[in-house]
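Peer 1: When you get a sec, could you give me coordinates for this:
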Amino acid sequence: MLISDLSQIPGRRYPARRHTQNLAGGAAPIQTKNFSMGNVTLDPLGGQVPWHNQEQEEVYFIVEGIGEMCLGEERRIVSDGQMVYIPPGVFHQLTNVGEAPLRMIYCYGPAGDVAHWRQELNGTLPRAGIDAPPLPAGAAPQWIDAPEPEPD
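Peer 2: Purely as a prediction, here's the structure:
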């Protein structure tokens, strides 16, 4: 029996203030062909899955917290118990707008690598409104467009 155990998966920290743990596919203990799945925790007040797209269809299930979901030209607040469907090729972004961590489960298929993880780590994400479609009006900025944190 194959089991993925979040308490045993170190995961990876990303510059946009999130921690991702692969449950199936990618670096996960369970390898799959038809889908990938993982647990993501966004830091309070701005942790983000930045504006990107991919060829796979995907869902985000909000386990706890409150976030701003941008999908194409739409922007909505999402919270625990809600799932968002993301069609293939559509740009999307999830930003934690709450004062507590936001935790979500993603699932996309077919399995395989999605470029935005690597692009974020390399600083090469397409910029909203420049290399990619603009974010919806009023949306939180894409992490690469966010102002640098104030020094302590």
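Peer 1: how about the nearest residue in space to Ser4 that is not next to it in sequence, secondary structure?
Peer 2: With CB to CB, 6 or more residues apart in numbering as the criterion, Ser4 has its nearest non-adjacent residue at 4.4 Å, and that residue is Leu23. Using the backbone N, CA and C atoms, a C-beta is placed for each residue, glycine as well. What DSSP: H, G, I helix; E, B strand; the rest coil gives for Leu23 is strand.
Peer 1: how close does Leu23 sit to Ala128?
Peer 2: In this view, Leu23 and Ala128 are 29 Å apart by CB to CB, to the nearest Å.
Peer 1: Would you agree the residue nearest to Ser4 is in contact with Ile9?
Peer 2: Yes - Leu23 is in contact with Ile9 according to CB atoms under 8 Å; the separation is 7.3 Å.
Peer 1: who's in contact with Gly65?
Peer 2: 42, 79-80, 96, 98, 100-104 (CB atoms under 8 Å, 6 or more residues apart in numbering).
Peer 1: Can you mark which positions in stretch 60-72 are buried?
Peer 2: Residues of stretch 60-72 classed as buried by neighbour count (16 or more other CB atoms under 10 Å): 60-62, 65-71.
Peer 1: same deal with stretch 111-131?
Peer 2: Applying 16+ other CB under 10 Å to stretch 111-131 flags 111, 114, 116-117, 120, 125-126, 128 as buried.
Peer 1: Just name the shakiest helix or strand of this structure by mean pLDDT.
Peer 2: helix 115-122 (a mean of 90; mean pLDDT, DSSP states H and E).
Peer 1: what sits up against that one?
Peer 2: 12, 14-16, 20, 49-50, 52, 54, 125-126, 143.
Peer 1: Can you give the distance of it from its chain's centre?
Peer 2: Between the mean C-alpha location of helix 115-122 and the chain-wide mean there is a distance of 12 Å, by CA atoms, centre = their mean, to the nearest Å.
Peer 1: Name the nearest residue to Ala132, sequence neighbours excluded.
Peer 2: Ala132 sits nearest to Pro126 (CB to CB, 6+ apart), 3.9 Å away.
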